[in-house]
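Chemist: heads up, no residue letters with this:
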């Protein structure tokens, strides 16, 4: 998706068998019409003469399967024998989802449709000639639809999940074609204001329902794309994919051999002059590797002279080679060693001068699991390569764990001085657990993989891009105390004094569930930013377990920073996973993990489980247990809606409402909950909020993505805590309405109507400055007004500490401004000042 958004129009993705299935499983939430993707599944059948999985004018790439628990992999010299020795012989038949051979894209081959990407031999046994490179700028041809797939679409009696073999692959490719059609997008400059983006029905509805006037922004020139309309969904698109069946239960990894181009030698102009080669086309022919014949005067006599390229062009440079090894366990080592004993791959470890002229291995990337790098067999294998090769190693125990997003980490260590319980310092380590050089006999030319590294395939040199504006690591490695700007210190002192005065006076609220903790793992909306991950919230219930709400991408990284990866320290991230009991939308835990979400997400995970063991329907009862959101509706009458937006959309056995109700009952018992209900909310797609009530008398309401919803206010009546999205500022009601989101004021209004004791605002738009706007309107509602707090990434609020939020707002705003200034983000400072100008701030 990042590549698509960066204007790349064509992309080849190479991977092991299952790649088509993996990509097609994303069909219900992934679509980009600006890019065309060509997936290529590499063969997992070892071959003495492998074909490239990708090829163009710059690189040729080979895929090498590496099997676990395989003492030897000896491929017979005749491919027609069809047998492989892997401890025992097996037939070399391919599975429907694992074609034996895949094409090499690029060079002379042309790109056609995916169904035609492998050109079969013609009647003479020779392959068809292809006319152009896949990367050429010519117009992409129309997609070719397989007749069998077209017939399948017309057949109501044959759902996609019944397709097998090549027909199943054709269907998956058809789905991917729809997801990434590669249609042209031509921007058209038109004069529009913000309201012109709204459909007429939305504007009419908004105008009739708004409470007060909202001043629109001034008219601006906006780039509005002019694109082809989206194609009609193929019949069966929302049905389950054909089941992916592996050829074997053994799951190999895929190594890659990347061979660069041969670089011609330098043209020796002096030698060419001495030979009398004139400037112009003849010299150009020599650089192309062609001999030339011309007439030249020697001692007053014209003679015919033949000049060969080697007469005036230096020796060509051997193609550079990079290797990538993914070795997750020591059990994969024998297969890797055996593969490089085959003649084709053995030449990359050869020390013979003639082999160096053909290939020069420059860098080798080792992506290693635990105990692999310490294995003497692997060290011996590494030493078998040329001493000039650079080994780049990724091994958790031998790598430091520095912070990646240093700007937000710097802000956290500053806020930690305001309240060390709420604003915890992220877990990190600048020193590895074990030194790489402590491993006996490791090649001297070895280093740990690090961010920003690049290796030259022509000479093995390594360069590392400097960290830009990395103030965090400089601060934490300094022996000096962390100094705050004077104004920040002043506001911090005042805020802490106000909090301490309230504690001393005994005027501290003690709601039920005071020790329940809410950790904001992400507080952004659609996309992650420098200072905020996308929306993700953790609810920790002491003595019962953990609930994850709305898990955005990057949640695992946030959890690792929050709890730490060191399994020798208590309350680490692995302990967290063991206590994780519910995900509202890993290793299988020691007790069931309940997943509450809608059918498309359940179906995606079930399709993904064909490739990866996710623990679904684990016979031990300790895997992932699925619960349909619709089955827990707060007004449920024991049956699903059968029409409209809120219908389930399928009738698979796992969608059975009785099954979900029973699973939800077990989930509530495991977490000490009185009830767990979902609430239909107002968004541009089907979306649910949640109302979680505990036996101890407290309740938490989670809004999800929504416009202000009466249903949420009613279902969550009297909530201890409302976690509500606040995507837009109060002067952006029309934009919020168009996007299906709420403003700050609207979120607080819902909490007031709900009579919530506390409100935590989150899910802030990327349009906001890095510090969410503190536009909390002044209220004269007395002690009945809820305590309102703003969520920050990695902030850890106990429900009993929510009241502190309003005392900290001004201090936190100043702290963010100081961070922006130190990080050099002048544009962000200007944006923040504009956003906050004229807003009413209610703080103590």
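Modeler: That came in fine, so what should we check first? Keep in mind it's a predicted model, so treat the numbers as computed, not measured.
Chemist: what pairs with the helix or strand that contains residue 760, and is each one parallel or antiparallel?
Modeler: Under the criterion of DSSP states H and E, residue 760 resides in strand 758-762. Sheet pairing of strand 758-762 (DSSP bridges) gives strand 721-725 (parallel), strand 787-790 (parallel).
Chemist: now those strands as CSV including mean pLDDT and mean neighbour count?
Modeler: Any C-beta I mention is one placed from the backbone N, CA and C, and that applies to glycine too. Listed next are the strands paired with strand 758-762 as CSV, based on pLDDT from 0 to 100; neighbours: other Cβ atoms under 10 Å:
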stretch, mean pLDDT, mean neighbour count
strand 721-725, 95, 29
strand 787-790, 91, 25
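Chemist: possible to save these as JSON lines with distance to residue 169?
Modeler: As requested, the strands paired with strand 758-762 are exported to JSON lines (distance: least, Cβ to Cβ, whole Å):
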{"stretch": "strand 721-725", "distance to residue 169": "41"}
{"stretch": "strand 787-790", "distance to residue 169": "50"}
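Chemist: and the residue nearest the centre of the chain, its phi and psi?
Modeler: Residue closest to the mean C-alpha point of the chain, counted by Cα atoms, centre = their mean, is residue 553 at 6.2 Å. Backbone geometry at residue 553, expressed as degrees, to the nearest 10, gives phi -60, psi 150.
Chemist: what are the buried residues along stretch 392-409?
Modeler: 392-395, 398-399, 401-403, 405-409 (16 or more other Cβ atoms under 10 Å).
Chemist: tell me the mean pLDDT for it?
Modeler: Here stretch 392-409 scores 91 as its mean pLDDT.
Chemist: which outside residues touch stretch 259-277?
Modeler: For stretch 259-277, contacts defined as Cβ atoms under 8 Å, 6 or more residues apart in numbering pick out 57-62, 283, 286-287, 289, 292, 294, 296-298, 305, 307, 311-322, 359, 457-458.
Chemist: ah, wrong one, I meant stretch 684-695
Modeler: Here stretch 684-695 has contacts from 513, 516, 539, 541, 547, 549, 584, 596, 598, 629, 634, 645-646, 671-681, 699-706, 709, 712, 715-716, 719, 739-740, using Cβ under 8 Å, 6+ apart.
Chemist: would you list the buried entries among those residues?
Modeler: Buried members of those, counted by 16+ other Cβ under 10 Å: 513, 516, 539, 541, 547, 549, 584, 596, 598, 629, 634, 671, 673, 676-681, 699-706, 709, 712, 715-716, 719, 739-740.
Chemist: among the residues you listed, which ones are in strands?
Modeler: Using DSSP state E, the members of the buried ones among the contacts of stretch 684-695 that fall within strands are 539, 541, 547, 549, 584, 596, 673, 676-680, 699-702.
Chemist: between those, which is nearest residue 488?
Modeler: Nearest to residue 488, judged by Cβ to Cβ, of those is residue 539 at 31.1 Å.
Chemist: what pairs with that closest one across the strands?
Modeler: residue 518, residue 547.
Chemist: check residue 453 too.
Modeler: Beta-bridge pairing of residue 453 under DSSP bridges involves residue 464.
Chemist: wait, it sits on residue 462?
Modeler: Yes: Residue 453 lies in contact with residue 462 (Cβ atoms under 8 Å); the separation is 6.2 Å.
Chemist: now for those two: what residues contact both?
Modeler: Common neighbours of residue 453 and residue 462 (Cβ under 8 Å, 6+ apart) do not exist.
Chemist: contacting residues around residue 411?
Modeler: Taking Cβ under 8 Å, 6+ apart as the contact definition, residue 411 lies against 531, 815, 816, 819.
Chemist: my read is the second one is in a helix, agree?
Modeler: Think residue 815. Yes: counting by DSSP: H, G, I helix; E, B strand; the rest coil, residue 815 is located in a helix.
Chemist: residues contacting it?
Modeler: Counted by Cβ under 8 Å, 6+ apart, residue 815 has contacts 411, 414, 415, 418, 484, 488, 491, 492.
Chemist: can I get these in CSV with distance to residue 725 and secondary structure?
Modeler: Compiled in CSV, the contacts of residue 815 are given as follows (distance: Cβ to Cβ, whole Å; DSSP: H, G, I helix; E, B strand; the rest coil):
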residue, distance to residue 725, secondary structure
411, 22, helix
414, 26, helix
415, 22, helix
418, 25, coil
484, 31, coil
488, 29, helix
491, 28, helix
492, 29, helix
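Chemist: which pair of those spans the longest distance?
Modeler: Greatest spatial distance in these: 411 and 491, 14.6 Å, computed using Cβ to Cβ.
Chemist: model confidence over stretch 315-323, on average?
Modeler: Model confidence over stretch 315-323 averages 88 on the pLDDT scale.
Chemist: got it, and stretch 8-15?
Modeler: Average pLDDT, stretch 8-15: 88.
Chemist: same deal with stretch 516-530?
Modeler: In this model, stretch 516-530 has a mean pLDDT of 85.
Chemist: quick one: the helices in the stretch 151-300 of the chain?
Modeler: For the stretch 151-300 of the chain, the helices defined by DSSP state H, counting those that start in this stretch occupy 165-179, 200-209, 269-274, 281-287.
Chemist: of all those helices, which one comes closest to residue 566?
Modeler: helix 165-179 (40.0 Å).
Chemist: quick check: buried residues in that closest one?
Modeler: Neighbour-count burial for helix 165-179, counted by 16+ other Cβ under 10 Å, picks out 167-179.
Chemist: same deal with stretch 646-665?
Modeler: Within stretch 646-665, the residues that qualify as buried are 648, 649, 654, 655, 657, 659, 660, 663, 664, counting by 16+ other Cβ under 10 Å.
Chemist: and stretch 454-471, by the same measure?
Modeler: By neighbour count on 16+ other Cβ under 10 Å, the buried set for stretch 454-471 is 455, 457, 460, 470, 471.
Chemist: can you give the contact residues for that stretch?
Modeler: With contact meaning Cβ under 8 Å, 6+ apart, stretch 454-471 is reached by 258, 260, 263, 317, 320-322, 362-363, 388-390, 392, 406-407, 410, 445, 447, 450, 452-453, 473, 822-824.
Chemist: for residue 42, give me the pLDDT.
Modeler: Reading off the model, residue 42 has pLDDT 91.
Chemist: got the phi/psi numbers for it?
Modeler: Main-chain torsions, residue 42, degrees, to the nearest 10: phi -70, psi 150.
Chemist: was I right about it contacting residue 66?
Modeler: No: assessed by Cβ under 8 Å, residue 42 is found out of contact with residue 66, at 11.9 Å.
Chemist: overlap in contacts, the two.
Modeler: Counting by Cβ under 8 Å, 6+ apart, the residues touching both residue 42 and residue 66 are residue 254.
Chemist: still on that earlier bit, nearest to residue 763 among the buried residues of stretch 392-409?
Modeler: Proximity of those to residue 763 was ranked by Cβ to Cβ; the top entry is residue 408 with 16.5 Å.
Chemist: leaving out sequence neighbours, find the closest residue to that closest one.
Modeler: residue 531 (4.8 Å; Cβ to Cβ, 6 or more residues apart in numbering).
Chemist: show me what contacts the residue lying closest to residue 403 once chain neighbours are set aside?
Modeler: Counting by Cβ to Cβ, 6+ apart, residue 409 is the residue found nearest to residue 403 once chain neighbours are left out, at 4.5 Å. Residue 409 is in contact with 403, 426, 428, 472, counting by Cβ under 8 Å, 6+ apart.
Chemist: pretty sure residue 409 sits in a helix.
Modeler: Yes: looking at residue 409 with three-state DSSP, it is inside a helix.
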